[in-house]
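Asker: Return atomic coordinates for the entry below.
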Amino acid sequence: MSDSEWHDARVQAFGYRLCELAMDESNERGEPITDDTLLILFNASAEPVDFVLPDAHPGKLWELLVDTAREEEPENLVRLNVGSKIEMTGRSAMVLRADQRGE
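Answerer: Just a heads-up that it's a prediction; the model follows:
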């Protein structure tokens, strides 16, 4: 987001991806330390908002880990395709993880 978008009171929903390779840490053998790729979505608006799921690099699917709009945990893991459009309930947040098994 640009600085002006960040400070625009009309912008009430955004998401960001934390990429597994974005860390610049190394282990004791000098190998890069990696972790999961996460997508974090926020909707502060009272209205529903649509998001299109970005590339899940390295996978082709996203696993839904947290959805604050759900009253209870889903019985089965929810997997969503890259490029899928999802509707977020108003005043909610989601956390998704790239599913490396979906390659």
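
Asker: Name the nearest residue to the spatially most central residue of the chain, sequence neighbours excluded.
Answerer: Closest to where the C-alpha atoms of the chain average out (Cα atoms, centre = their mean) is L39, at 1.6 Å. With Cβ to Cβ, 6 or more residues apart in numbering as the criterion, L39 has its nearest non-adjacent residue at 4.4 Å, and that residue is L96. C-beta: built from backbone N, CA, C; applies to glycine.

Asker: pLDDT at the residue in the chain sticking out farthest from the centre, what is it?
Answerer: With distances taken from the mean C-alpha point of the chain and given as Cα atoms, centre = their mean, the most distant residue is R29, at 30.6 Å. What the model reports as pLDDT for R29 is 89.

Asker: okay but M88 is in contact with M94, surely?
Answerer: Yes - contact status for M88 versus M94: in contact at 6.4 Å, counting by Cβ atoms under 8 Å.

Asker: Which residues are in contact with each of the two?
Answerer: Listed as contacting both M88 and M94 by Cβ atoms under 8 Å, 6 or more residues apart in numbering are L41.
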